[in-house]
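[1] Got a predicted structure here, sequence first:
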Amino acid sequence: MTTPHGVIETPVFMPVGTAATVKGLRQEALEEMGARIILANTYHLYLRPGHELVKKLGGLHAFMSWKNAILTDSGGYQVFSLAELRKITDEGVRFRSHLDGSEHLLTPEKAAEIQLALGSDIAMVLDECIETPAPRNVAEAALRRTTIWAGWARRYFQEYAKKNGEPAQWQFGIVQGATFADLRRESARQLLELDFPGYAVGGLAVGEPHEMTCEMAAEVTALLPKERPRYLMGVGRPEQIADYVARGIDMMDCVLPTRAARHACLYTSEGKVLIKNARYIEDKRPIDPKCKCSVCQRYTRAYLRHLFAAGEITAAILATHHNVWFYLDIMRQIRDAISFGQLENFAAELRARYEAGPA
Ligand SMILES: [Zn+2]
């Protein structure tokens, strides 16, 4: 995938940098571990520090001093999950900021405008996120609205391009349809007419069984063009990532490696290590003896456990570094496995190791 901020090998995992920072990691660390693209949240940056300020300071890349690619979401997911007093109309979503209670209206056009101001490499259209499991009529209504909104966002983006010249940004559509295969296919077909340079699959991995997520992803990727990136939003657990790739997914993002790290949950090639556990008090091994990250080259489980027990911020920093490295490394291994025709074997092996658990 060639973006204005570099070539990205796919499949790719995008660490989540909510408020223009991957919590606990400096940009140098992300570069060192080979992160080529990160995700930033439009909702958070719109409310604080504000997209106009970011634009004034040269755009998101300059503001946060990040030279590689950035994908911004539409802000919709956070409005639906974080904001107060939200009200959905045909026009958009009216909500109150979770920070100061101020009232805002997020429309498909506004979401596009904010992301153009931020200057991300990939922008997402506003879609309607629903709670799952959803009854069919609710999923249908959300799908209808998502398509209409995608059309408005696309038109806004194209008119902007006509007036200001082609922006250095791609706009992706988002396929909805909850867990109904026919609705997923219908959504994909409708969005294909809008000719997006890439497509996401949204509203999955929100509590439904993993097999269902895979099935829905496969339904959608079967219809979407192979030469355009296909992005499964908000996934996944380490042992599940290869399953999505096998279904044709090229891009993923997830807060799991960073969030779990702050809660002392470390992902390793042998499964999860809950580092606060007393069994690690005298453990002189690294977090993952197979990991080549700089944390594993230097520090022991005993030391990490001590830092967490003492409430030291270094604990979160080291744990996050390892977890993000681990996710990026899984994707590297998946790309290698694909080139050797070994993806199925790799997926099965990782799953088996996760089931067995760490030594
Ligand atoms: Zn490591």
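    Perfect, thanks for sending it.
[2] So Tyr156 sits against Glu113, correct?
    Yes: counting by Cβ atoms under 8 Å, Tyr156 touches Glu113, with 7.1 Å between them. Yep, even glycine has a C-beta here, placed from its N, CA and C like the rest.
[3] Can you name every helix or strand that the helix or strand of the chain with the lowest mean pLDDT contacts?
    Across the helices and strands of the chain, the lowest-confidence element by mean pLDDT, DSSP states H and E is strand 84-88, at a mean of 82. On a contact count with 3 or more Cβ pairs under 8 Å, 6 or more residues apart in numbering; DSSP states H and E, strand 84-88 meets strand 93-96.
[4] For the strand it packs on, which helices and strands make contact with it?
    Applying 3+ Cβ pairs under 8 Å, 6+ apart, one finds that strand 93-96 contacts helix 76-81, strand 84-88, strand 103-106.
[5] quick one, which of these is packed in tightest?
    helix 76-81 (a mean of 21; mean count of other Cβ atoms under 10 Å).
[6] Need the three-state assignment for the most far-flung residue of the chain relative to its centre.
    Using Cα atoms, centre = their mean, the residue of the chain lying farthest from its centre is Glu282. It sits 35.9 Å away. Following DSSP: H, G, I helix; E, B strand; the rest coil, the label given to Glu282 is coil.
[7] tell me which parts of the protein are close to the ion?
    Contact residues, the chain versus the ion (Cβ under 5 Å from the ion): 291, 293, 295-296, 322.
[8] could you dump the residues you listed to CSV with secondary structure and pLDDT?
    Shown next, in CSV, are the residues of the chain next to the ion (DSSP: H, G, I helix; E, B strand; the rest coil; pLDDT from 0 to 100):
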residue, secondary structure, pLDDT
Cys291, coil, 98
Cys293, coil, 98
Val295, helix, 98
Cys296, helix, 98
His322, helix, 98
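[9] Just send those residues back as TSV, with neighbour count and distance to Ala348 too.
    Listed next are the residues of the chain next to the ion as TSV, based on neighbours: other Cβ atoms under 10 Å; distance: Cβ to Cβ, whole Å:
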residue	neighbour count	distance to Ala348
Cys291	19	21
Cys293	22	25
Val295	21	28
Cys296	23	25
His322	28	24
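[10] Closest one of these to Ser81?
    For the residues of the chain next to the ion, the closest approach to Ser81 (Cβ to Cβ) belongs to His322, at 27.5 Å.
[11] so what's that closest one closest to, chain neighbours aside?
    Once flanking residues are discounted, His322 sits nearest to Val295: 4.6 Å by Cβ to Cβ, 6 or more residues apart in numbering.
[12] and that neighbour, what does it touch?
    By Cβ atoms under 8 Å, 6 or more residues apart in numbering, the contact list for Val295 reads 286-287, 318-319, 321-322, 325.
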